[in-house]
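# A predicted structure for the sequence below; I have some questions about it.
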Amino acid sequence: PVLSLKHFLRRYVPLPTLFMIPLLTLFIMWFLYQRFGRDYEESKVKIMRNTPPSDLAPAIAGTLIDERAEMREIIATLIDLARRGYLEIQEKTERTWVFTHKDYILTLKKIHTGNLADYEEKLLRSVFGKFAKSETKKLSDLKNSFYKHVPDILDQIYDQTIRLKFFEADPRRVKLRYLITGGIIAVLSLVGIAFNSLEIAFLMAWFSIFACVPGFLLVKSVSDRNFLQALMCSIFVIIGTMGLLVFLIELFPQTISNLPLCAALGLTFSGAIVACFAPLMPRKTILGAREKRQWMAFRNYLASRNKI
């Protein structure tokens, strides 16, 4: 009986374990997404509207839509501050022989910042060092100094979205938490695989680069509704995953009878699954979800007008 049990465990348990651990992880992550990551539904919001839904600043609206604060949010803030009269932007064209160089002159118009958000004041003070009225700066002169202030400005944009209660938690930290968790699981499983077979560990490292990174981008593309990029990433994920399974079965047939090795392989896939869910896990509040859908409706209207 003992021998038959060992035979049963060696023959029938390892291969199902390889697939069951990732499937269980996928089920758990889907439950966590539904419970803690999925935005609240708002059925009363229109699909398209022809007016801005609120006076929300462009940088906050952009961060709310895609959960990312980037350089375009800073540029949008600069233009918005010009619209509100805090600075003036003039285009200047310089000609040198047959070459034409275009630059922009920024002039500070207001130095009273009581009505500005922290990131807006930080942006103005980063552009205008002396912060004196009528101070001017060439946009080209900022390329070697302004970049130092960009991380702080982006941090303050994120902080403003939290302050306005649009997110339940900082989206960057939520994503990082799941990325780190998935990475730790994958690394520990790779160490376990290496104790059994260095060749298979190398294959799994290749899988992590060739399939897991596109897998993360695949989930991110779907959440951003960039379906063309999602399609391209899915091709890499399918090729990488199927190629790995073929290599394991053909080159290392002993894998399917080694329970610890199959469990470690399953955990590697599980780490990849946890990391791939990271872009989906930041959750907006009810207010944030409603505001996002209203701004998405306005963006849909602008996109439809651009097609005309």
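Arrived safely.

# in the stretch 51-200 of the chain, which spans are strands?
For the stretch 51-200 of the chain, applying DSSP state E, counting those that start in this stretch gives strands covering 87-96, 99-108, 136-138.

# how near is Ile185 to Asp118?
Distance, Ile185 to Asp118, using Cβ to Cβ, to the nearest Å: 37 Å. All C-beta spots, glycine's among them, are computed from the backbone N, C-alpha and C.

# please apply the same query to Val174.
Distance from Val174 to Asp118, by Cβ to Cβ: 22 Å.

# kindly report the same for Ile273.
38 Å.

# who's more crowded, these two?
With neighbours defined as other Cβ atoms under 10 Å, Ile273 and Asp118 compare such that Ile273 has more, 24 against 16.

# what's the spacing between that one and Gly243?
The value you get for Ile273 to Gly243, if Cβ to Cβ is used, is 18 Å.

# which residues touch the nearest residue to Thr100 once chain neighbours are set aside?
Leaving out its chain neighbours, the residue that sits closest to Thr100 by Cβ to Cβ, 6 or more residues apart in numbering is Thr93, at 6.2 Å. Residues counted as contacts of Thr93 (Cβ atoms under 8 Å, 6 or more residues apart in numbering) are 100-103.

# per-residue pLDDT, the nearest residue to Pro282 once chain neighbours are set aside?
Using Cβ to Cβ, 6+ apart and skipping the chain neighbours, the partner closest in space to Pro282 is Pro171 (3.5 Å). The model reports Pro171 with a pLDDT of 90.

# Gln229: which of the strands of the stretch 51-200 of the chain is closest?
Evaluated with Cβ to Cβ, those place strand 99-108 nearest to Gln229, the distance being 31.3 Å.

# distance of the nearest residue to Ile273 once chain neighbours are set aside relative to Ile105?
What sits nearest to Ile273 in space, not counting adjacent residues and going by Cβ to Cβ, 6+ apart, is Thr25, at 5.0 Å. Remark: distance between Thr25 and Ile105 (Cβ to Cβ) = 56 Å.

# the two: which is more packed in?
Shown here are Thr25 and Ile105; by other Cβ under 10 Å, Thr25 has more neighbours (21 against 14).

# my guess is the more buried one contacts Ala272, does it?
No - in this structure, Thr25 is not within contact of Ala272 by Cβ atoms under 8 Å, at 9.2 Å.
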